[in-house]
Structures are given as structure tokens and as C-alpha cells.
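1. Give me a 3D structure for the following:
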Amino acid sequence: MWFFRTAAALGVFLAVPAAAPPPGPAADTAAPGSEVLSYNIEWRFIHGGNARLTWSPAGDGFAARLHLESAGMVSSIYKVDDEYTSVSDRDLCAVSLSLQSSEGSRRHDTAVTFDAARRKATYRDRDLVKNVTVTHETDIQPCTQDIFGALHALRRLRLEPGRSTEIPISDGKKAVMAKVEAQERETLKLASTTYKTVRYEAFLFNNVLFRRRGRLFVWMTDDDRRLPVQIRIHMPFYIGTVTLQLARVSKP
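-> Got it, this is the predicted structure:
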């Protein structure tokens, strides 16, 4: 179901170009440590699925893996079982991204390669049911981020409320300069845990990176951990709101 793919992609996106960081303390571009973030996905006030995001060092950079699966009533209507894998360099610039997706009757194998020297992203999608392959090449900016390196880069940036920046991001099909805005400090209570957070908005919908109308918000803890504890996508009323909430943090 499309909103699962959107929710996964929006674990998303938010980055600081290593060559030109926005105002504030510089991002630490060392490879992140090993970490597993597990999320519950809610859609229209029901439990719709689970997401598990794993970061781990890989050479001079890092690797990330996201497993996404539907659950409960949503799974009985449209079963989703997706595996995303990403590799970035030590500056969190995208190197490659792949997706093996099983969604309803759809089966796809998608790969994106980011060529920094040529400033090109090459997208290849193979429909495993129809045996049809689509390829596309897109111009990208220096140190363009994929969805995983971007989120970790945001965690390492101190963007205070009232400040904003524009960053390069690509999903392989399209490359954009996307605005990210730090808005408010908020206190969130998720299950039995209370978090002091900063709310960010990433302007990716409304024909920026995504054609659909919508708004994307990320709540990140206002401490040294900078945990993305909540991600929310507000869509038109006939689609509804999708929310990812952090359930636990662990080691691989």
C-alpha cells in the first residue's frame, strides 16, 4: 500500500550537505554506531504495521537497513513485506540504495546508484511479476543524501527552532533541494515514556519530491541522543494520517 512505502521513505530524507552545513554546530560526519530503532505504524487510529531501522558502520561509511511489514487488519487487506538497504560514505553522502518489495500482488526489485564524480543517480526498477525493467538517470548535487543518511545527518545537526535550511535529496527518480524547518520544542508522551523534543517539518510533498499533497513532521529528542521518536505524515482527509512512533532502541 502506497502509504507504507511513503512512511518508510520518510524515515526519510533530512540532511546536511557535508560541503556546506547550515548555521549551527557542524555535523559529526563519522560513521554512526550500531543501533536498531523499532517503530509502530498507526493509520487512522489503528495499528497498521511495524518498521525496524538498523544502522551499522561499514568500512569508512555506514550501512542502513529498514524492514517494513504490515500488520493486523491492514495486512489482511494488503500485505506488505519490504526490505530496504542503503550504503553511504563517511560524509553521509549516498552511495547506493536497494529495495526488495512484496506488496499485495506486486513484486519489485529496485536499485539506485549514486555517482558523485558524474553527479548522476541511476535508478533501475524490475517488476518481477511482469518481468519488465525501467531505468532512469537523474542529475544530482554534490553529497546528495538518500533517505537513511539524511535522517542520521539531521540527528547530528543542531538546528534550533526558527531556523531552516535547504538540502539536496534524491530517491533516484527525482532530485530536489528540499527545505527543512525547525519549528517548536514539544513534550511527547509515548506509551510510558516522556520525551522532550524539537519538531521539524520537511517540505517534500506538494510536487517537491512527492506529487501528493501532504505535510511531514519529525519529532527528535532535544538531547545528545537526538532520537527520532515520532514521524507523522498528514495527508488529505480521504487518505488520513500515518504516524510512526518509536517503540524501542536496541543493539543489532
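
2. The longest strand belonging to the chain: partners in the sheet, and parallel or antiparallel?
-> Ranked by residue count, the top strand of the chain under DSSP state E comes out as strand 175-190. Paired with strand 175-190 in the same sheet, following DSSP bridges, are strand 164-170 (antiparallel), strand 193-202 (antiparallel).

3. centre of the chain versus it, how much separation?
-> Computed by CA atoms, centre = their mean, to the nearest Å, the chain-centroid distance of strand 175-190 equals 13 Å.

4. The closest residue to Asp127 other than its chain neighbours is in what secondary structure piece?
-> Using CB to CB, 6 or more residues apart in numbering and skipping the chain neighbours, the partner closest in space to Asp127 is His108 (5.9 Å). For the C-beta atoms, the positions are set from N, CA and C on the backbone; glycine is no exception. Assessed by DSSP states H and E, His108 sits inside strand 106-115.

5. got the angle between that strand and strand 175-190?
-> Here strand 106-115 runs at an angle of 120 degrees relative to strand 175-190 (axes from the mean of the first three to the mean of the last three CA atoms, to 10 degrees).

6. Number of residues surrounding Thr54?
-> 19 (other CB atoms under 10 Å).

7. per-residue confidence at it?
-> pLDDT recorded at Thr54 is 88.

8. still on that earlier bit, so how far is the strand holding His108 from its chain's centroid?
-> 16 Å.

9. strands paired with that strand, and their directions?
-> Note on strand 106-115: by DSSP bridges, its sheet partners are strand 94-103 (antiparallel), strand 120-127 (antiparallel).

10. hey, least reliable of the ones you listed by pLDDT?
-> Sorting those by mean pLDDT places strand 94-103 lowest, at a mean of 92.

11. in that strand, what counts as buried?
-> Buried positions in strand 94-103, judged by neighbour count with 16 or more other CB atoms under 10 Å: 94-99, 101, 103.

12. Which members of those are the farthest-apart pair?
-> The span of these, defined through CB to CB, is set by Val95 and Glu103 at 25.6 Å.

13. returning to that earlier point: check contacts around the residue nearest to Asp127.
-> For His108, the contacting residues are 99-101, 125-128, by CB atoms under 8 Å, 6 or more residues apart in numbering.

14. Kindly recompute the last result at 7 Å.
-> For His108, the contact set (CB atoms under 7 Å, 6 or more residues apart in numbering) comprises 101, 125-128.

15. That'll do, ta.
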